[in-house]
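J.: Here is a sequence together with a model predicted from it:
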Amino acid sequence: MAVYTKRYEKLREYMKECSLDAVVVTAAENYLYFSGYHNPDGYMIVTPDESVVFADFRYYEAAKNECFPVCTVKEQKGGSLAEWLKTSGAARVGFENGDLSVARFDKMKEAADASKIELFPVDETITEIRSIKEREEVDLIVKAQRIAEKALHELLSVIKCDMTELEVAAELEYRMKKLGSPVPSFETIAVSGKASSVPHGVPRPVKLERGFLTIDFGATACGYHSDMTRTFCVGKADAEQRRLYETVLAAQTAAHEAIRPGVTGDEADAVARKIIDSAGYEGRFGHSLGHGVGLQIHELPNLSPKIVGRKLIPGNLVTNEPGIYIEGLYGCRIEDMVFITENGAENLTDFPHELIEI
Ligand SMILES: [Mn+2]
C-alpha cells in the first residue's frame, strides 16, 4: 500500500459523510500531505476519484516530478480555481476555514457563488487525520531527531562560556544543515541566565550568563519536524538549581510512564503538574505538558489541562515537556518526543537527561 492510500481513504470517507463533491486544500502542510510536494503558494482539489494539484510556473516542473502518482498536476494561473469550480459540476465543496485569509475566502466565495456552489468549512478534519501518524512519517521525524541530537552533541564539544546565545543558536543550525536538515524546525531558542525564565525566549547577542541555559530546537526531514529541549548549566549548579532541575526531570519521567493509549491529554499533564506543584513550584509550570508534532511543529493532539477527556490513541506523536520558570531568576525545561503505540509509548528522543554543566 502506498504511503498516501490511507490518508485519501480517510478524507474521502469524511467527504461522503458530509456530502462533499470536493475539498479545496490550501494549507501548505496539507498540500504536502496529500501531494508529497511542498509548495507554499499552491492549492489542490480532492474529489471522490481525483486529486488535482495546482502549482504556478515557479513550482510546476518540480511538482510534476515529485507529486504522488495519484495526483494530476496542473499549471496554476489566475482564475484556475474559479474555472475548475465552474466546470466541475460540484454542488458542495469543502474548504479549510482554519487556513484561509478573509481576502482569499472572499475570492473563493465569489467564484463559488457564480457557479451556485455551497462552500462547507472542514475545520480541523485534515489536521485530525494527520494526528494519526503512519510508520513512514514517524521514521522521518526520527530521522530529523537524530540530526538534531548529533548537532547538539557537536555543539557540546565546541561550546565555550564566552559564546553569545546567538552564536550557540547559529552553531546548532549550521550543524543541522550540514547534517542534512534543509531548514530548522523553528527558530532555535537558546537562552541563558535570567532570560531562561521566558519559555519561548529569543537568543540575544550577549555572552552566556551563568546558570541555566535552555536550548529548544529541531531539525526537519521531508517537511517533518523534530522538537527537543535540554537545559544545561553554565558553571556549577547550586543546590536550588539542582533541586529545580531534578523536579522537572521527575515530572517528565512520571509523565512518560503515564503516556499510553487510553490516557487523556489532561491526565498526562496532571501527572507532571502534580509533581511540580507538590515540590513547591505551584504556578511556575505555565504552559501545557505537550503537543503533537508532524508536518507542523505544533499540531494535534495537545496534552493540556484545558483540553479535557481527549484520549491518546496509537499513532499519536506528542512532546513531553514540563518546565519550571521563576520570573526574574531562571527557568528549566526538558522535552522529548513520544510515539503512542498499540500497547504503550516509544520515546523517540535519544539524548541524556542528566544535568550537564558547561
Ligand atoms: Mn515543543
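T.: Alright, I've got the coordinates.
J.: can you give me the strands in the stretch 201-350 of the chain?
T.: Along the stretch 201-350 of the chain, the segments classed as strands by DSSP state E, counting those that start in this stretch run 211-217, 220-221, 224-225, 228-234, 290-292, 299-303, 317-320, 323-326, 330-333, 336-340, 345-347.
J.: In a markdown table: these, plus distance to the ion, mean neighbour count and mean pLDDT.
T.: Bear in mind the C-beta positions are built from the backbone N, C-alpha and C, glycine included. Shown next, in a markdown table, are the strands of the stretch 201-350 of the chain (distance: least, Cβ to the ion, whole Å; neighbours: other Cβ atoms under 10 Å; pLDDT from 0 to 100):
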| stretch | distance to the ion | mean neighbour count | mean pLDDT |
| --- | --- | --- | --- |
| strand 211-217 | 7 | 25 | 98 |
| strand 220-221 | 14 | 22 | 98 |
| strand 224-225 | 9 | 27 | 98 |
| strand 228-234 | 7 | 23 | 98 |
| strand 290-292 | 6 | 24 | 98 |
| strand 299-303 | 11 | 23 | 98 |
| strand 317-320 | 4 | 26 | 98 |
| strand 323-326 | 10 | 22 | 98 |
| strand 330-333 | 9 | 26 | 98 |
| strand 336-340 | 8 | 24 | 98 |
| strand 345-347 | 15 | 16 | 97 |
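J.: out of those, nearest to residue 153?
T.: Taking Cβ to Cβ, strand 228-234 is the member of the strands of the stretch 201-350 of the chain nearest to residue 153, at 10.9 Å.
J.: So what touches that closest one?
T.: Residues outside strand 228-234 that contact it (Cβ atoms under 8 Å, 6 or more residues apart in numbering) are 145, 148-149, 152, 161, 189, 192-193, 196, 208-218, 241, 245, 248, 321, 323, 331-337, 349, 351, 355-358.
J.: got the angle between that strand and strand 211-217?
T.: 160 degrees (axes from the mean of the first three to the mean of the last three Cα atoms, to 10 degrees).
J.: Tell me the gap between strand 228-234 and the middle of its chain.
T.: The chain centre lies 20 Å from the centre of strand 228-234; the measure is Cα atoms, centre = their mean, to the nearest Å.
J.: Over to stretch 294-302?
T.: Remark: stretch 294-302 is offset 4 Å from the chain centroid, using Cα atoms, centre = their mean.
J.: One more: stretch 153-168?
T.: Using Cα atoms, centre = their mean, the distance from the centre of stretch 153-168 to the centre of the chain it belongs to is 26 Å.
J.: May I see the buried residues of that stretch?
T.: By 16 or more other Cβ atoms under 10 Å, the buried positions in stretch 153-168 come out as 154, 155, 159, 163, 164, 165, 167, 168.
J.: Could you check the pLDDT of the residue in the stretch 151-300 of the chain that the ion sits nearest to?
T.: Closest to the ion within the stretch 151-300 of the chain is residue 227: 4.2 Å, counting by Cβ to the ion. Residue 227 carries a pLDDT value of 98.
J.: so how far is residue 4 from it?
T.: Separation of residue 227 from residue 4 (Cβ to Cβ, to the nearest Å): 24 Å.
J.: how about the residues of the stretch 101-250 of the chain near the ion?
T.: Residues of the stretch 101-250 of the chain lying close to the ion (Cβ under 5 Å from the ion) are residue 227.
J.: ok, 8 Å please
T.: Residues of the stretch 101-250 of the chain found near the ion (Cβ under 8 Å from the ion) are 216, 227, 229.
J.: ok, the second one touching residue 317?
T.: Pointing back at residue 227 there. No: in this structure residue 227 lies outside contact range of residue 317 using Cβ atoms under 8 Å: 10.0 Å.
J.: so what sits against both of those two?
T.: Residues touching both residue 227 and residue 317 (Cβ under 8 Å, 6+ apart): 293, 337.
J.: With neighbour numbers in mind, choose between residue 227 and residue 4.
T.: residue 227 (27 against 19; other Cβ atoms under 10 Å).
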